[in-house]
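[1] coords please:
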Amino acid sequence: MSWRWLTRNFVWKLVSLALSAVLWFAIVGEPELVTTHAAPILYRNLPKDLLIGSDALDAVRVELRGPTGRLTSATLSDLAILLDLSNASGPGERTFTLADADLHLPEGVAFVRAIPSQLRVRFARRKSKEVPVELRFTSAPPSGYAVVREEVTPRTIRIAGPEARIDAMESAQTDAIDLSGVTATREFHVNTFVADPQLWLESSPVVQVRLTIERRGN
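    Below is the predicted model of the structure:
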């Protein structure tokens, strides 16, 4: 009876045994390797009134250990450092030590270390304010003519950024306006520009400029 049971579907049983052996060797017999991988840093839970300093790193290298098949570019494509900033309470510096809890690793892959192993992040208070619009010109009106009135709408724009840099910014400038050949009242729609790259506009960058130009002596 037992012999019949053993020989029944013998071919299929042999195939199943072979597949199991192949799978076992693929998993258990796979060599273990160590590799380094560039992981982007994703900052989360940043308080709304704070900004991250411009010198903050956007990626680190992580050293990982695991089977060859788990250390491929495809399996590590979504690997990232998730840095929780919810405990940042105000401006200043704070140091974060990177650990495996900051990564979501594929099964069978172990975190060895990060390079660098710590991140020092600088925080600044976020601030916004209104600054006046300053007109710029590439050339003056033709000889004998002059600008007798300037009207800018709106007169101010709202900018935002790190508190210290906002406090130092006194105006926003327009793109240069060419008045060569202009001998009458003219309207222009021009963009405004904030020189500090760490600041940004919270209002529309476009302003309307109306220039009244008259002949001198009138």
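
[2] just the buried residues of the helix or strand that contains Arg125, please?
    Taking DSSP states H and E as the definition, Arg125 sits inside strand 118-134. By neighbour count on 16 or more other C-beta atoms under 10 Å, the buried set for strand 118-134 is 119, 121, 123-124, 126-127, 131, 133. All C-beta spots, glycine's among them, are computed from the backbone N, C-alpha and C.

[3] from Leu42, how far off is Arg136?
    40 Å (C-beta to C-beta, to the nearest Å).

[4] and if you look at Asn87?
    16 Å.

[5] one more: Val182?
    From Val182 to Leu42 the distance is 51 Å (C-beta to C-beta).

[6] and for Arg210?
    When Arg210 is compared with Leu42 (using C-beta to C-beta), they lie 47 Å apart.

[7] residues contacting Glu214?
    Neighbour list for Glu214: 145-146, 148 [criterion: C-beta atoms under 8 Å, 6 or more residues apart in numbering].

[8] per-residue pLDDT of it, please?
    For Glu214, the pLDDT comes out at 94.

[9] state the distance from it to Pro142.
    In terms of C-beta to C-beta, Glu214 sits 12 Å off from Pro142.

[10] so what's the backbone phi/psi at Asp175?
    phi -60, psi 150 (degrees, to the nearest 10).

[11] didn't it look like it was pressed against Asn191?
    Yes - applying C-beta atoms under 8 Å, one finds Asp175 in contact with Asn191, separated by 5.2 Å.

[12] who has more neighbours out of Val182 and Leu42?
    Val182 (18 against 11; other C-beta atoms under 10 Å).

[13] returning to what we had before: what subset of the contacts of Glu214 is buried?
    Judged by 16+ other C-beta under 10 Å, buried ones among these: Tyr145.

[14] can I get the contacts of Glu214 in JSON lines with pLDDT?
    Converted to JSON lines, the contacts of Glu214 look like this (pLDDT from 0 to 100):
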{"residue": "Tyr145", "pLDDT": "94"}
{"residue": "Ala146", "pLDDT": "94"}
{"residue": "Val148", "pLDDT": "95"}
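
[15] mark which of the contacts of Glu214 are part of strands, please.
    145-146, 148 (DSSP state E).

[16] which strand residues sit across from the residue nearest to Gly53 when sequence neighbours are not counted in the sheet?
    Excluding the flanking residues, the one nearest Gly53 by C-beta to C-beta, 6 or more residues apart in numbering is Arg122, at 3.3 Å. Bridge pairing for Arg122 (DSSP bridges) gives the partners Glu93.
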